[in-house]
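Novice: need a structure here:
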Amino acid sequence: MAKDDKENGWKEFFWNPRTREFCGRTASSWGLILLFYLAFYIFLAGLFTLTMYAMLQTLDDHKPTYQDRLSTPGMMIRPRGEQLEIDYTVEYTETWERYVQALNNFLSPYNDSVQAQKNYECKPDQYFIQEDSGSLKNFPKRSCQFNRSILEDCSGITDRYYGYNEGKPCVIIKLNRMICFVFSVSSVLPIHSCQKYKLGKDEWTDDSDKIGELKYFPPNGTLNLMYYPYYGKKSQVNYSQPLVAIKFLNITMNEDVNVECRINADGIAVGSERDKFAGRISFKLRINSRY
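Specialist: Predicted structure coming up:
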């Protein structure tokens, strides 16, 4: 009998037909509780939405409010290969055709016809400044043409294999984009010391004989000021960052050759405590030949 009373007690706790209570509360009581929490969470959602709206009104869609960045842009190469290594055998097409394809894909937006259609012919040797006029926003901003043909022997136009079939490969270097970054000189030579051979962790020695003669495109490896400043992806939707190509004319075959290229410009510090690779790029070349 006691067991039945206990079971009945649990049943009446969930639903008591005499008092019409569910879990100890009437329907009206539960309704008031649910109404309270509904109003409470609607208030929180409204407060959160209002806070986010107020914060977003302070942001500029075309330029970050705060930029925690290095003062010197980083560098990258194309083709990258695995772990910044370019390794192939001249006589085996299948070992280097992926590098050729990677360069074709990378340079396709730089085709002269595409650049003529999308970008503007700028005056060289001066910054292409496009400031806003008070509250009137200058968007979208124009971008200067960087034609693929500027890279000449490394453009893939005159030599569709970029020299890889001859053991004279082209490597393209680009600076990472930094909003409103400008150089302090009329031109910059990012390919300043592509003649270092790595011996150990922090030990470097001049070894130009292994790298051999280099040829730069554009001449002297310069980046013209007309491509700067960069205003951001949303502001310059057609921006084509300038490139420098290096052609290795007689690199030592069948050996690992570690190359470091760095920016050379007044006011540009190379390497820092925050990033020792700022303003420079290191990569390895190994060109094998059976002969």
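Novice: Residue 242 contacts residue 223, correct?
Specialist: Yes. Judged on C-beta atoms under 8 Å, residue 242 makes contact with residue 223 at a distance of 4.7 Å. C-beta here means a position set from N, CA and C on the backbone, and glycine is covered the same way.
Novice: need the strands for the stretch 51-200 of the chain, in chain order.
Specialist: Assigned by DSSP state E, counting those that start in this stretch, the strands in the stretch 51-200 of the chain fall at 75-78, 85-89, 170-175, 187-188, 196-198.
Novice: Need the winner for burial among those.
Specialist: strand 170-175 (a mean of 23; mean count of other C-beta atoms under 10 Å).
Novice: Please find the angle between the direction vectors of that strand and strand 85-89.
Specialist: 170 degrees (axes from the mean of the first three to the mean of the last three C-alpha atoms, to 10 degrees).
Novice: Adjacent strands (with direction) for strand 170-175?
Specialist: strand 75-78 (antiparallel), strand 243-248 (antiparallel) (DSSP bridges).
Novice: returning to that earlier point: compare residue 242 and residue 223 (neighbour count), which wins?
Specialist: Neighbour comparison, residue 242 and residue 223: the larger count goes to residue 223, with 23 against 20 (by other C-beta atoms under 10 Å).
Novice: could you pull out the helices for the stretch 151-291 of the chain?
Specialist: 208-211 (DSSP state H, counting those that start in this stretch).
Novice: how long is stretch 158-169 end to end?
Specialist: 14 Å (C-alpha to C-alpha, to the nearest Å).
Novice: Could you list the low-pLDDT ranges of this structure?
Specialist: 1-24, 61-71, 134-135, 184-208, 266-277 (pLDDT under 70).
Novice: for it, longest helix please?
Specialist: helix 27-56 (DSSP state H).
Novice: starting at the chain centroid, how far to that helix?
Specialist: Here helix 27-56 shows a centroid-to-chain-centroid distance of 41 Å under the convention C-alpha atoms, centre = their mean, to the nearest Å.
Novice: So residue 249 sits against residue 212, correct?
Specialist: Yes. Under the criterion of C-beta under 8 Å, residue 249 makes contact with residue 212 at 6.0 Å.
Novice: Reformat the strands paired with strand 170-175 as TSV; add distance to residue 90.
Specialist: TSV is the format used below for those (distance: least, C-beta to C-beta, whole Å):
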stretch	distance to residue 90
strand 75-78	20
strand 243-248	12
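Novice: so which of those gets nearest residue 114?
Specialist: Closest to residue 114 of the strands paired with strand 170-175, according to C-beta to C-beta: strand 243-248, at 14.5 Å.
Novice: Contacts for that closest one next, please.
Specialist: 110, 146, 151, 153-155, 163, 168-174, 190-191, 194, 211-212, 214-218, 221-223, 261, 285, 287 (C-beta atoms under 8 Å, 6 or more residues apart in numbering).
Novice: Recalculate using a threshold of 6 Å.
Specialist: By C-beta atoms under 6 Å, 6 or more residues apart in numbering, the residues outside strand 243-248 that reach it are 151, 153-154, 163, 169-174, 190-191, 214-215, 217, 221.
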